[in-house]
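give me a 3D structure for the following:
(4 chains)
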There are 2 protein chains.
Amino acid sequence: MVHRKRVTLRDLAEHLNINTSTVSRALSEKSSEMISPDVVKRVRKAAREMGYKQNAAAYALKVGSTKTIGMIIPDLMNPVFPPIIRGIQSVLDQYGYTAFLAYSQNNEGTAHTEVERLISRGVDGIIYAAAFRKDSVVELCKSQGVPLVLVNRVVDQGDVDTVKVDDSLGIKMAVDHLLELGHRKIGFIAGPKDISVSYIRLRAFTRTMAEHDLEVEPHRIVEAHALSEAAGTQAMSVFLGQNPDATAVIASNDLIALGCFTALKQFGYSCPKRLSIVGFNNMPYLDWFATPLTTVSIPHFQMGERAAELLLKRIKSENLDYNEEVLLKPKLVIRDSTAPVIRPKQKSDAT
Amino acid sequence: MVHRKRVTLRDLAEHLNINTSTVSRALSEKSSEMISPDVVKRVRKAAREMGYKQNAAAYALKVGSTKTIGMIIPDLMNPVFPPIIRGIQSVLDQYGYTAFLAYSQNNEGTAHTEVERLISRGVDGIIYAAAFRKDSVVELCKSQGVPLVLVNRVVDQGDVDTVKVDDSLGIKMAVDHLLELGHRKIGFIAGPKDISVSYIRLRAFTRTMAEHDLEVEPHRIVEAHALSEAAGTQAMSVFLGQNPDATAVIASNDLIALGCFTALKQFGYSCPKRLSIVGFNNMPYLDWFATPLTTVSIPHFQMGERAAELLLKRIKSENLDYNEEVLLKPKLVIRDSTAPVIRPKQKSDAT
DNA sequence: CACTTTAGTGCAAACGTTTGCGTAATTCAA
DNA sequence: TTGAATTACGCAAACGTTTGCACTAAAGTG
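Numbering: from 1, shown residues only, chains lettered A, B, ... in the order given. Sure, this is the predicted structure:
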């Protein structure tokens, strides 16, 4: 019994000998009060029995809203994003919205085309978790009148809704932690500086150090070409080459921090004995690692929730000019990759 | 410059002083050959300049195909699924399809309602990675005429397209590996038996053992109430309670295997010295773990690809009766959680 | 009782496409 | 040059909804 044909409003109407408009109104929560309670009851009963499902395409065409949104993340393989996505969807579900998922692959060009695809699909709004500091996507959305909220990564020009965590505070906590452990020669493995989080975290690092009257020399900072594991080991290799005396590094990212571990191993150094490492993001399963990573934790799920709430609000209000910023608090989770500094007996301890 | 109104076919037609049907045909790849090359060129140029984007809702309403599919997974937090999703989308992208993502939360009821939602959204097909052995979703899809392909988890009744890996072979490899290491007292932490993978893997375990003339007694098998970490430690606790002599266990799942680790720790046992563990799935980042898990690896990404290909094929052919099964090969990746058995000096070594 | 108001329902247009069919203009065969 | 075949395009219907408006019948008002 294959029902290739779905049951439509007209089918219901004919079956009940009433007009399709009455059926439509009876089914709608808001307009059902125009209709006599008795009819409403009969219509809904018939709808249930005959298995009526609203045709989303027809609705979208008529009303102009698809009840869908698009979300763009850099890469699903980065374990940071699944919780964010879940957060988004948890609130979307409550309002009958559904989400498309697309990837930027850390490339603004593909992000742009993906956004175009989503807009062409008629999404009511977009959550963008892959922004570059200078990003054409925000112009695109603005020109097309599509609500947009940025999450995690933000954009230099200020007039757009954003949900982010206080990266500066996070880095400050990391630095303070290392200082308390006695570290002074601290390095920073930054991410690409065209991504806001990389930039902000790096600046927060130097600023916090400065507040403690610690000058950070240029060779203490090296920039990874991506927020990835591979880029991390590459960057850490050059760092270790030019900083044999460093006792700790902060990585812009957990993935970069992992990369640091393998570079460390290649140099025959051990963590945390020879060098402490702290990451950023608190990705899942870190507790299981051989040397569990000290890292600053961000409220992934909550970020998703707030972003979705903000977007829905913006979709409703039709007021695109206003922009809001919600700032979430990070917190430091201390594990085994950081330890008190050991005063070297000699200047160099080439193992 | 907020363009709240999108440019439509009619806008193009009026601007060019031709009929909308001509515009439509000129833009379509297939029917553009009915139109003079000159007109086609002009239309496409104008479309580009005026920023025309096809209205997906209108197209869907008219043609009946939304060029979207739905995928249902148990839970995004399970690190096995992101690669599968990526695989699916990588082939979907090539054909202009987009995917909705929904979660069953390992509950057939919610899976059912999610599928209904997706169908109501007009998806052209569904990829279902969360099936139970007896699952109403396949009936639902069949009755609604919606193409369905199962991935990873399959269903008892046979007539539905599936992409799966040879679980039995995977377990056989795991058992053989343990036997080679000298293990004989091997346990199995099974998953819920209403999920095909749990059931099949368990059966493969007892069968393979039998092939080696090893009877497996009932107390050697305990069933976790879910394919999750928590369920794993719970099950492993009862296992250890009733099997003080066991030297190895196979877990139905990496997540369950992780749970086994913590149960082990609670008993003060060490892995692999006291007990070897092997998992299933080869989730990401296992290499980083304190004791890297020996596990059977499945081709996640490829599974996604094949599932998408199969679904697209089924969507095109309109032939719902036929069903196909693609079977992928697993392989064993040996890490540190398995080691040769140590012959106990005494019968009991209560630490 | 004659009237205005109100409640309940039907009619028809519209959303932006696609596509079968008709028709005018062009080409071809003879 | 004439008729048939072909090419290129326009006309209009249809997909399944929603919604402003018109209409009927009942209820309320004086």
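
list the contacts of the residue nearest to residue A:295 when sequence neighbours are not counted.
Leaving aside its sequence neighbours, residue A:295 sits nearest to residue A:279 (CB to CB, 6 or more residues apart in numbering or on different chains; 3.8 Å). Where you see a C-beta, it was placed from the backbone N, CA and C, and this is true even at glycine. Contacts here follow CB atoms under 8 Å, 6 or more residues apart in numbering or on different chains; on that basis residue A:279 touches A:250-251, A:253-254, A:256-258, A:293-296, A:337.

minimum pLDDT in the residues you listed, which residue is that?
Within the contacts of residue A:279, residue A:253 has the lowest pLDDT, namely 94.

my read is that that one contacts residue A:188, right?
No: counting by CB atoms under 8 Å, residue A:188 is not a contact partner of residue A:253; they are 11.5 Å apart.

looking at the contacts of residue A:279, spot the one nearest residue B:163.
residue A:258 (31.2 Å; CB to CB).

the residue nearest to residue A:295 belongs to a helix?
No: assessed by DSSP: H, G, I helix; E, B strand; the rest coil, residue A:279 does not belong to a helix; its assignment is strand.

wait, what's in contact with the spatially most central residue of chain A?
Residue closest to the average C-alpha location in chain A (CA atoms, centre = their mean): residue A:129, at 4.4 Å. Going by CB under 8 Å, 6+ apart, residue A:129 touches A:71-74, A:81, A:84, A:150-153.

show me which residues of chain A are close to DNA strand C?
Proximity of chain A to DNA strand C is confined to A:17-22, A:25, A:34-36, A:38-39, A:58, A:61-62 under the rule CB under 7 Å from any atom of the strand.

how is chain A carved up into domains?
Structural domains annotated on chain A: A:9-54, A:63-165+A:299-328, A:167-298, as defined by automatic domain parsing.

for those domains, give me CSV that also has distance to residue B:53.
Formatted as CSV, the domains of chain A follow (distance: least, CB to CB, whole Å):
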stretch, distance to residue B:53
domain A:9-54, 24
domain A:63-165+A:299-328, 4
domain A:167-298, 28
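
what's the closest non-adjacent residue to residue A:236?
residue A:263 (3.5 Å).

coming back round to it: quick one: closest of the domains of chain A to residue B:115.
Going by CB to CB, the one of those nearest residue B:115 is domain A:9-54, 11.5 Å.

returning to that earlier point: out of the residues of chain A next to DNA strand C, list just those in helices.
Using DSSP state H, the subset of the residues of chain A next to DNA strand C located in helices is A:20-22, A:25, A:38-39, A:58, A:61-62.

returning to that earlier point: of the contacts of residue A:279, which pair is most distant in space?
A:258 and A:296 (15.2 Å).

higher neighbour count, the two?
residue A:296 (26 against 23; other CB atoms under 10 Å in any protein chain shown).

so the more buried one touches residue A:257, yeah?
No: the criterion here is CB under 8 Å, and residue A:296 misses it with residue A:257 at 10.8 Å.

which residues are in contact with both of these two?
Common neighbours of residue A:296 and residue A:257 (CB under 8 Å, 6+ apart) are A:278-280.

is chain B within reach of the helix of greatest length in chain A?
The residue-count maximum for a helix in chain A (DSSP H) belongs to helix A:300-317. No: judged by CB under 8 Å from any CB of the partner chain, helix A:300-317 and chain B are separated, with a smallest distance of 10.1 Å.

so for that helix, what gets flagged as buried?
A:300-312, A:314-315 (16 or more other CB atoms under 10 Å in any protein chain shown).

so after that helix, what's the next helix or strand?
Note on helix A:300-317: by DSSP states H and E, the next helix or strand toward the C-terminus is strand A:325-328.

how about residues contacting that next one?
So strand A:325-328 is contacted by A:161-166, A:298-299, A:302-303, A:306, A:310 (CB under 8 Å, 6+ apart).

likewise stretch A:158-171?
A:138, A:147-155, A:197, A:200-201, A:203-205, A:207-208, A:250, A:280, A:296, A:298-299, A:303, A:306-307, A:310-311, A:314, A:321, A:323-330, A:332.

would you mind checking those residues for buried ones?
A:138, A:147-155, A:197, A:200-201, A:204-205, A:208, A:250, A:280, A:296, A:298-299, A:303, A:306-307, A:310-311, A:314, A:323, A:326, A:330, A:332.

look up how far residue B:54 lies from the nearest residue to residue A:173 once chain neighbours are set aside.
Nearest residue to residue A:173, sequence neighbours excluded (CB to CB, 6+ apart): residue A:332, at 4.3 Å. According to CB to CB, to the nearest Å, residue A:332 stands 49 Å off from residue B:54.

where does the stretch 51-200 of chain A get nearest to DNA strand C, residue-wise?
residue A:62 (3.6 Å; CB to the nearest atom of the strand).

state the distance from that residue to residue B:61.
Relative to residue B:61, and taking CB to CB, residue A:62 is found at 9 Å.

who has more neighbours, these two?
Legend: neighbour count by other CB under 10 Å for residue A:62 and residue B:61, higher for residue B:61 (19 against 11).

close to DNA strand D: what parts of the stretch 1-150 of chain A are there?
A:5-6, A:8-10, A:20-21, A:24-25, A:27-28, A:31, A:52-55, A:58-59, A:61-63.

which among the residues you listed count as buried?
A:6, A:8-9, A:24-25, A:27, A:52-55, A:58-59, A:61.

and those residues, which two are furthest apart?
Largest pairwise distance in these, by CB to CB, is 20.3 Å, between A:6 and A:25.

can you map out the strands along the stretch 51-200 of chain A?
A:68-73, A:98-103, A:125-128, A:148-151, A:161-165, A:186-190 (DSSP state E, counting those that start in this stretch).

can you put these in a markdown table and add mean pLDDT?
Output for those, formatted as a markdown table (pLDDT from 0 to 100):
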| stretch | mean pLDDT |
| --- | --- |
| strand A:68-73 | 96 |
| strand A:98-103 | 94 |
| strand A:125-128 | 97 |
| strand A:148-151 | 96 |
| strand A:161-165 | 96 |
| strand A:186-190 | 98 |
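
ok so, going back, just the ones in strands from the contacts of residue A:279, please.
Counting by DSSP state E, the contacts of residue A:279 place A:250-251, A:294-296 in strands.

how is residue A:271 assigned, secondary-structure-wise?
From three-state DSSP, the assignment for residue A:271 is coil.

my guess is it contacts residue A:261. True?
Yes: counting by CB under 8 Å, residue A:261 is a contact partner of residue A:271 at 6.5 Å.

need the residues touching each of the two.
What both residue A:271 and residue A:261 touch, as defined by CB under 8 Å, 6+ apart, is the set A:277, A:291.

next, count neighbours for residue A:232.
29.

who has more neighbours, residue A:253 and residue A:188?
Using other CB under 10 Å, the more surrounded residue of residue A:253 and residue A:188 is residue A:253, with 29 against 24.

and the stretch 251-351 of chain A, which of its residues are near chain B?
Counting by CB under 8 Å from any CB, the stretch 251-351 of chain A sits next to chain B at A:258, A:261, A:284-285, A:288-290, A:320.

with adjacent residues omitted, what lies nearest to residue A:287?
residue A:335 (7.3 Å).

could you list every residue that touches the one you found?
Residue A:335 sits in contact with A:286-287, A:291-295, where contact means CB under 8 Å, 6+ apart.

try residue A:220
A:185-188, A:243, A:246.

and the gap between it and residue A:228?
Distance from residue A:220 to residue A:228, by CB to CB: 22 Å.

can you redo the shared contacts of residue A:296 and residue A:257 as JSON lines with distance to residue A:212 and pLDDT?
As requested, those are exported to JSON lines (distance: CB to CB, whole Å; pLDDT from 0 to 100):
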{"residue": "A:278", "distance to residue A:212": "16", "pLDDT": "98"}
{"residue": "A:279", "distance to residue A:212": "21", "pLDDT": "98"}
{"residue": "A:280", "distance to residue A:212": "20", "pLDDT": "98"}
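
just give the nearest non-adjacent residue to residue A:91, would you?
In space, residue A:91 is closest to residue A:308, 4.1 Å off (CB to CB, 6+ apart).
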